[in-house]
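Peer 1: pasting the structure only:
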């Protein structure tokens, strides 16, 4: 077995599998009747991302990206809060991180193993590597832009640290 160059994610995972995982995760985590719809809408000007890394025969990250307001609404659904309860940045980090974690765990399970899942992180998404090593679904939740990316690691070791990069 050669370890010089792993297969790109586009050879290991198709968009339909990513969508079917999202279809399973959304109702259980976000709420009954909720769905990630694979119909792109205009991307937001400002975004927040949550991701988990996968390390094994394929190395990369599963990244969830949306607007801050969408992240807050997702958090309210995941945490089942009702107004006047206000979600704070820690709640958003927890809820988005949990979504990324569950998506990542399910995606890891269909990739060649054994693989390890990193801790969820939130902030500016890790950079994408080669174009053939990205499986991305642009879609929406409640009409708001949301992207799920499964992207290969760029080879930079910084993705394994636990702090969120500041920009």
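Peer 2: Noted; the coordinates are in hand. Note that the structure is a prediction, hence the values are computed from the model and not measured.
Peer 1: which stretches of the chain form helices?
Peer 2: 9-12, 15-29, 68-79, 89-110 (DSSP state H).
Peer 1: of these, which approaches residue 57 most closely?
Peer 2: Residue 57 lies closest, by Cβ to Cβ, to one member of these: helix 9-12, at 8.8 Å. Backbone N, C-alpha and C define where each C-beta goes, glycine included.
Peer 1: which parts of that closest one are buried?
Peer 2: For helix 9-12, the buried set under the neighbour-count rule, 16 or more other Cβ atoms under 10 Å, comprises 9-10, 12.
Peer 1: with distance to residue 21 and pLDDT as extra columns, can I get these in JSON lines?
Peer 2: What follows is the buried residues of helix 9-12, written out as JSON lines (distance: Cβ to Cβ, whole Å; pLDDT from 0 to 100):
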{"residue": "9", "distance to residue 21": "14", "pLDDT": "94"}
{"residue": "10", "distance to residue 21": "16", "pLDDT": "92"}
{"residue": "12", "distance to residue 21": "14", "pLDDT": "93"}
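Peer 1: take those and write them to JSON lines, including distance to residue 78.
Peer 2: Listed next are the buried residues of helix 9-12 as JSON lines, based on distance: Cβ to Cβ, whole Å:
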{"residue": "9", "distance to residue 78": "26"}
{"residue": "10", "distance to residue 78": "30"}
{"residue": "12", "distance to residue 78": "28"}
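Peer 1: tell me where this structure is predicted with low confidence.
Peer 2: 1-5, 83, 155-167 (pLDDT under 70).
Peer 1: the same query, at a cut-off of 80, please.
Peer 2: 1-6, 82-85, 155-167 (pLDDT under 80).
Peer 1: quick one: end-to-end length of stretch 26-41, please.
Peer 2: End-to-end distance for stretch 26-41: 19 Å, by Cα to Cα, to the nearest Å.
Peer 1: same question, stretch 54-69
Peer 2: 27 Å.
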